[in-house]
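>>> what would the 3D arrangement of this be:
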Amino acid sequence: MADAVGFIGLGNMGGPMARNLARGGFSLVVHDIDPAKVEPFRARGAQVADSPQEVAATARRVLCMVETTAQAESVVGGPRGIAQSARRGDIVVCMSTIDPFVARRLHDELATRGIAMLDAPVSGGTGRAASGELSILAGGAPEVFAACRDLFEAMGKNLFHVGPIGQGLALKLVNNMLIQTTLVAVCEALVMGVKAGLDPRVIYDVVRVSTGNSFAFETRVPKILARDFSPSGTVDISFKDQELETAFAKQLGVPVLLANVSQQVYQMARAAGFNKEDGTAVIKVLERLAGVHVGRGEALTEAPR
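I've put the predicted structure just below:
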C-alpha cells in the first residue's frame, strides 16, 4: 500500500473527512485512540494502524485531525509519533486547530529530517465535513500545498493557500474569533428580546433580513429555537479555540477584549455541564441568569435563507 494516505483522528470532523477521501478513491491507513472509530474504516478496506508511527511507516502523506495542541504534538513528535518512522520526502498535514507557534516548531523539527509539513485547518463544521464542502486554510511551502491539493479537493470546496507555515492556523483563529464572539452576542440579543416580550421567531424573521444579521445568527438561531444542542462543535471545543485565540493575541501583543469576555461565557457553560453540547448551548446560561426561556421546543417551519 505504497500510495496509501494516512489519517489520524476519526472524530466528528476527522471521520467524515476520511470517508470523503475513501470515496475519492484514496487507499487509507487510519488510526484513532478509540477502537470503535476505526472499525467502520476497516470494514471498508482501510488498513488500521496501532499508532501514528505505524501510519507514517506505511503512508507518504499523513493527515492529522485531533482536538488539542498537546494531542497534535504527541501525534507528530511523541514516542510513537509520526516523526519516528516518517522518511525524507514525506508530508505531514496538521488539520487540527492548534497553536500556530507550536505548528511552526513542529515544522522546523520535521524539516531537519527532510519531512515537509503543512498546517491546514478547516472551517464548515460537521455538515460540510460530511458533504465534502469544507474551507481549507493552508500554510506552508507552495509546492507542498500543490502536492496535497488532490487530498484537499476530496474534502473541501474552498481551498486557500494563505502563506508560510502557521498562517493557515492564524487565519483559522481569526475566523473562529468572529463566529464565537458573534454567537455570544446573538444569544445575549435573543435573551434580551424575549425578556422584553418579543416572540423569538419574530426576532429571527426580522433580523435575518436586517442589518443585525450574520452567519452566526442565520445558522444558529434555528437550532436554538428548536432546542437542538446536538454538537456541530462542542462548548469544550469553542472554549479551547478561544483559549488559542487569546493566547495567540497575547503573544502578538494585540488586545482582544471581546474574545476574552466571550470566553468566560463558554466557561460558564462548561461549568454548568453543557460542555459536550453544541456551542449554542451557551444560551442556556444566559437564560438562567435572565429568567427567560428562548424557543418553544419546535423546529422552524421555514429553512434559513
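>>> where do the strands of the stretch 151-300 of the chain begin and end?
Along the stretch 151-300 of the chain, counting by DSSP state E, counting those that start in this stretch, strands occupy 156-163.
>>> and Gly125, what's its pLDDT?
Per-residue confidence at Gly125 stands at 87 (pLDDT).
>>> what number of residues lie near Ala247?
14 (other C-beta atoms under 10 Å). Any C-beta I mention is one placed from the backbone N, CA and C, and that applies to glycine too.
>>> in space, what's closest to it - neighbours in sequence excluded?
The shortest distance from Ala247 to any non-neighbouring residue, by C-beta to C-beta, 6 or more residues apart in numbering, is to Asp99 (7.0 Å).
>>> what does Asn175 give?
Ser123 (5.7 Å).
>>> over to Asp50?
His31 (7.2 Å).
>>> residues near the one you found, how many?
The burial count for His31: 26, using other C-beta under 10 Å.
>>> so Gly140 sits against Ile115, correct?
No. Between Gly140 and Ile115 there is no contact under C-beta atoms under 8 Å: 12.0 Å.
>>> any idea how far Ile91 is from Arg104?
Between Arg104 and Ile91 the distance is 16 Å, computed by C-beta to C-beta, to the nearest Å.
>>> actually Val174, not the one I wrote
As for Val174, its distance to Ile91 is 25 Å (criterion: C-beta to C-beta).
>>> the more surrounded of those two?
Ile91 (22 against 12).
>>> give me the distance between the more buried one and Met117.
From Ile91 to Met117 the distance is 7 Å (C-beta to C-beta).
>>> give the residues shared as contacts by the two.
Jointly contacting Ile91 and Met117 under the rule C-beta atoms under 8 Å, 6 or more residues apart in numbering are Val144.
>>> before we move on, back to that, tell me the pLDDT of the residue nearest to Asp50.
Model confidence at His31 (pLDDT) stands at 97.
>>> ditto for Ala303
pLDDT, read off for Ala303, is 33.
>>> now Ile8
98.
>>> so it sits right up against Gln53, yeah?
No. Using C-beta under 8 Å, Ile8 makes no contact with Gln53, being 10.4 Å away.
>>> quick one: Phe26 from Ala170, how far?
Separation of Phe26 from Ala170 (C-beta to C-beta): 28 Å.
>>> and if you look at Val209?
Val209 is 34 Å from Ala170, by C-beta to C-beta.
>>> settle it for me: which of the two has more neighbours?
Between Val209 and Ala170, counted using other C-beta under 10 Å, Ala170 has the larger neighbour count: 20 against 9.
>>> contact partners for the residue nearest to that one when sequence neighbours are not counted?
The shortest distance from Ala170 to any non-neighbouring residue, by C-beta to C-beta, 6+ apart, is to Pro100 (5.2 Å). Contact analysis of Pro100 by C-beta under 8 Å, 6+ apart lists 119, 166-167, 169-170, 173, 248.
>>> same thing but at 10 Å, please
Going by C-beta atoms under 10 Å, 6 or more residues apart in numbering, Pro100 touches 69, 119, 121, 139, 165-173, 244, 248, 251-252.
>>> returning to what we had before: my guess is the residue nearest to Asn175 contacts Ile179, does it?
Yes. Taking C-beta atoms under 10 Å as the definition, Ser123 is a contact partner of Ile179 at 8.6 Å.
>>> what's the average pLDDT for stretch 254-261?
96.
>>> show me which positions of that stretch end up buried.
Residues of stretch 254-261 classed as buried by neighbour count (16 or more other C-beta atoms under 10 Å): 256, 259.
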